[in-house]
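Asks: Dropping the sequence and predicted coords here.
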There are 2 protein chains.
Amino acid sequence: MALEHAILVALSERAGTGYELARGFDRDGGDFWQATHQQIYRVLNRMADGGWVAAEHVAQTGRPDKKVYTVTGAGRVELARWLAEPAQPTHPRDDLAVKIRGASFGDPAAVLTEVERHLAHHAERLAGYEAVERREFADPTALTGHRLHQYLTLRGSITTERGLIGWYDEVRTALRRDSAT
Amino acid sequence: MALEHAILVALSERAGTGYELARGFDRDGGDFWQATHQQIYRVLNRMADGGWVAAEHVAQTGRPDKKVYTVTGAGRVELARWLAEPAQPTHPRDDLAVKIRGASFGDPAAVLTEVERHLAHHAERLAGYEAVERREFADPTALTGHRLHQYLTLRGSITTERGLIGWYDEVRTALRRDSAT
DNA sequence: TCTTCCATGTAAATGGTTACATGATTTG
DNA sequence: CAAATCATGTAACCATTTACATGGAAGA
């Protein structure tokens, strides 16, 4: 699974706490993974046991103490090994697509309402990604190495959101037309 | 979770065996869900216990016997209930995106090779979907109800594939340019 | 002869979600 | 005064994957 490796990438970019990782893997450009804090704490402990990451305990005043995690040499070796390994293409699983497909076995108007709600949600997410793009990556042609890879991941999020928005819009138009007859 | 409900949609369209469901939820238009046969058999048993589906045992000659599943009245009620319920927007988790993001912590050339492989794979999947679109849905403006919903799901698969292909192509160009310097 | 297709399943392990728990500080 | 933020965790449960198992028929 890739959660360990997504954490290794995030911590390679910048050391951080489990809490920060759970808040979103957001480091300039598309939160590229997500998981609950419970799972992240568990996985971080396992990774620390395996020697991929090391925790530095930091006492704070007025706030709970925290553990700042860093990738170790063994962690860097593991990440490089995993990066060279082939990934299998994944096929998205989308609840809303199942609902659209099955709309006529229930109330198509309720499905239409859901599509509209998701459309608004994704439009907002897209706007957020585009703002990051303008702010952080003004001149993409000049990018190289790590910054380029960050930018490309952000571009992936933007492309995905635009695709979803375009599709939901098509679905909305078609369902409205159909319910009008 | 939506696997039960994806199965209810698939079996509402046409009765079938666990084996057929595992082969792909493919019923004219985008395999809209996927799961291993092990999981499907388990879930089908649970659904049969809960009374959402009923199995008819069919003996065959020269082949193993099979169980053809049909949605029951209770299953139809449950599906309609679930369809009216809001879905939470899901955020895709893509291993290859993590690899692109982390490319500089390993060998970027290996990641580029993976991107090219995935590009070819998705181009092939897209061609398959487009062939179904031409063959089955020649006149989309005339579609209504269930056929329209099937078509819209297929359109979603096509949009997703085109988005991925566009993005992978952008990544390929950028990584090639960067490695040439 | 080897592989693939049909068709179903069990068992073990791993991955992920939900509920519960704590406690000070800051913001509305 | 209530809610959200910071920060970590345990326990129970549910979902998913991987490995193992069977066995005849058809095709390369």
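Replies: Done, it's in.
Asks: CA only for contacts and neighbour counts going forward, please
Replies: Will do.
Asks: where does residue A:69 fall, helix, sheet strand or coil?
Replies: strand (DSSP: H, G, I helix; E, B strand; the rest coil).
Asks: Just give me the neighbour total for it.
Replies: Neighbours of residue A:69 under the rule other C-alpha atoms under 10 Å in any protein chain shown: 21.
Asks: can you tell me how far it sits from chain B?
Replies: 17 Å (C-alpha to the nearest C-alpha, to the nearest Å).
Asks: measure that residue to DNA strand C for me?
Replies: 19 Å (C-alpha to the nearest atom of the strand, to the nearest Å).
Asks: Is that residue in contact with residue A:54, as I believe?
Replies: Yes - taking C-alpha atoms under 8 Å as the definition, residue A:69 is a contact partner of residue A:54 at 5.5 Å.
Asks: helices or strands up against whichever strand or helix holds residue A:165?
Replies: In this structure, residue A:165 sits in helix A:145-179 according to DSSP states H and E. Judged by 3 or more C-alpha pairs under 8 Å, 6 or more residues apart in numbering or on different chains; DSSP states H and E, helix A:145-179 is in contact with helix A:108-136, helix B:95-102, helix B:145-179.
Asks: can I get those in CSV with distance to DNA strand C?
Replies: Listed next are the helices and strands packed on helix A:145-179 as CSV, based on distance: least, C-alpha to the nearest atom of the strand, whole Å:
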stretch, distance to DNA strand C
helix A:108-136, 18
helix B:95-102, 10
helix B:145-179, 21
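Asks: For chain A, which residue gets nearest to DNA strand C?
Replies: Relative to DNA strand C, the nearest point of chain A is residue A:62 (3.5 Å; C-alpha to the nearest atom of the strand).
Asks: measure that residue to residue A:56 for me?
Replies: Separation of residue A:62 from residue A:56 (C-alpha to C-alpha, to the nearest Å): 19 Å.
Asks: ok, these two, which is more surrounded?
Replies: residue A:56 (12 against 6).
Asks: Return the residues in contact with that one.
Replies: A:67, A:68, A:69 (C-alpha atoms under 8 Å, 6 or more residues apart in numbering or on different chains).
Asks: In CSV, list those along with distance to residue B:102 and pLDDT.
Replies: Converted to CSV, those look like this (distance: C-alpha to C-alpha, whole Å; pLDDT from 0 to 100):
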residue, distance to residue B:102, pLDDT
A:67, 23, 96
A:68, 20, 97
A:69, 17, 97
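Asks: so which of those are also by DNA strand D?
Replies: Applying C-alpha under 7 Å from any atom of the strand, the subset of the contacts of residue A:56 adjacent to DNA strand D comprises A:67, A:68.
Asks: out of the contacts of residue A:56, which one sits closest to DNA strand D?
Replies: Of the contacts of residue A:56, the one sitting nearest to DNA strand D (C-alpha to the nearest atom of the strand) turns out to be residue A:67, at 3.8 Å.
Asks: hang on, that closest one packs against residue A:58?
Replies: Yes - if you go by C-alpha under 8 Å, residue A:67 and residue A:58 touch, sitting 5.9 Å apart.
Asks: Pick out whichever of the two has more residues nearby.
Replies: residue A:67 (15 against 10).
Asks: what's the spacing between residue A:64 and chain B?
Replies: From residue A:64 to chain B the distance is 30 Å (C-alpha to the nearest C-alpha).
Asks: Oops, could you answer that again for residue A:57 instead?
Replies: 26 Å.
Asks: Contact partners for that residue?
Replies: So residue A:57 contacts A:65, A:66, A:67, A:68 (C-alpha under 8 Å, 6+ apart).
Asks: and it, which of the three is it?
Replies: On the basis of three-state DSSP, residue A:57 is classed as strand.
Asks: List the residue ranges of chain A that fall below the pLDDT cut-off.
Replies: A:1, A:25-30 (pLDDT under 70).
Asks: who in it is up against DNA strand D?
Replies: So chain A meets DNA strand D at A:17-20, A:37-38, A:41-42, A:45, A:63-68 (C-alpha under 7 Å from any atom of the strand).
Asks: Return the subset of the residues you listed lying in helices.
Replies: Among the residues of chain A next to DNA strand D, the members found in helices (DSSP state H) are A:18, A:19, A:20, A:37, A:38, A:41, A:42, A:45.
Asks: buried subset of the residues you listed?
Replies: Buried subset of these (neighbour count, 16 or more other C-alpha atoms under 10 Å in any protein chain shown): A:18, A:19, A:37, A:41, A:45.
Asks: Please tabulate the residues you listed in a markdown table, including the columns distance to residue B:100.
Replies: Shown next, in a markdown table, are those (distance: C-alpha to C-alpha, whole Å):
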| residue | distance to residue B:100 |
| --- | --- |
| A:18 | 23 |
| A:19 | 24 |
| A:37 | 24 |
| A:41 | 25 |
| A:45 | 26 |
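Asks: Spatially, which two of the residues you listed are the most separated?
Replies: Longest distance between any two of these is 13.3 Å, between A:19 and A:45; criterion C-alpha to C-alpha.
Asks: ok, back up a step: got the buried residues for the helix holding residue A:165?
Replies: In helix A:145-179, counting by 16+ other C-alpha under 10 Å, buried: A:146-165, A:167-168, A:171-172, A:174-175, A:178.
Asks: Indicate which one of the helices and strands packed on helix A:145-179 is closest to residue A:4.
Replies: Here helix B:95-102 is closest among the helices and strands packed on helix A:145-179 (C-alpha to C-alpha), at 10.8 Å.
Asks: got a list of contacts for that closest one?
Replies: So helix B:95-102 is in contact with A:2, A:5-6, A:9, A:32-33, A:83, A:87-90, A:146, A:149-150, A:152-153, A:156, B:111, B:114-115, going by C-alpha under 8 Å, 6+ apart.
Asks: go with 7 Å
Replies: A:2, A:6, A:9, A:32, A:83, A:87, A:149, A:150, A:153, B:111 (C-alpha atoms under 7 Å, 6 or more residues apart in numbering or on different chains).
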